[in-house]
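> Need the 3D shape of this:
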Amino acid sequence: MLKDKIIMGEYAVFVWSCYGAVIVLMTALAFISWKNKKTDEKKLNALSKQLEEMNKQD
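Predicted coordinates:
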């Protein structure tokens, strides 16, 4: 019974390739989001330092 669900008859190639594509795309999206978060954190820290320096000068 489980074997029939995994094999899926003639649709197996289409279904499993779609599952694979989704896994690859979701992994890529997670990685890109993580990289962008790190970049944004660095920019935010730099801007925070600039703001602190400007406030100290006043």
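> Could you point out which residue ranges in this protein have low pLDDT?
Low-confidence segments of the chain (pLDDT under 70): 58.
> Return the distance of the residue at minimal distance from the centre of it relative to residue 53.
Nearest to the geometric centre of the chain sits residue 30, at 1.3 Å (Cα atoms, centre = their mean). Separation of residue 30 from residue 53 (Cβ to Cβ, to the nearest Å) stands at 35 Å. For every residue, glycine as well, the C-beta is placed using N, CA and C.
> Kindly report the same for residue 47.
Separation of residue 47 from residue 53 (Cβ to Cβ): 11 Å.
> Which residue ranges of the chain form helices?
Secondary structure of the chain (DSSP state H): helices located at 2-7, 12-57.
> ranking those by burial, who's on top?
Mean neighbour count (mean count of other Cβ atoms under 10 Å) peaks for helix 12-57 among the helices of the chain, with a mean of 10.
> mind listing what the residue nearest to the centre of the chain touches?
Residues counted as contacts of residue 30 (Cβ atoms under 8 Å, 6 or more residues apart in numbering): none.
> now residue 49: how far from residue 41?
With the distance defined as Cβ to Cβ, residue 49 ends up 13 Å from residue 41.
> what do you get for residue 1?
From residue 1 across to residue 41, the span is 49 Å (Cβ to Cβ).
> next one: residue 22
Counting by Cβ to Cβ, the gap from residue 22 to residue 41 is 28 Å.
> Check residue 47 too.
Applying Cβ to Cβ to residue 47 and residue 41 gives a distance of 11 Å.
> ditto for residue 21
For residue 21 relative to residue 41 (Cβ to Cβ), the value is 30 Å.
> chain center to stretch 22-30: distance?
Averaging C-alpha positions (Cα atoms, centre = their mean, to the nearest Å) puts stretch 22-30 7 Å from its chain's average.
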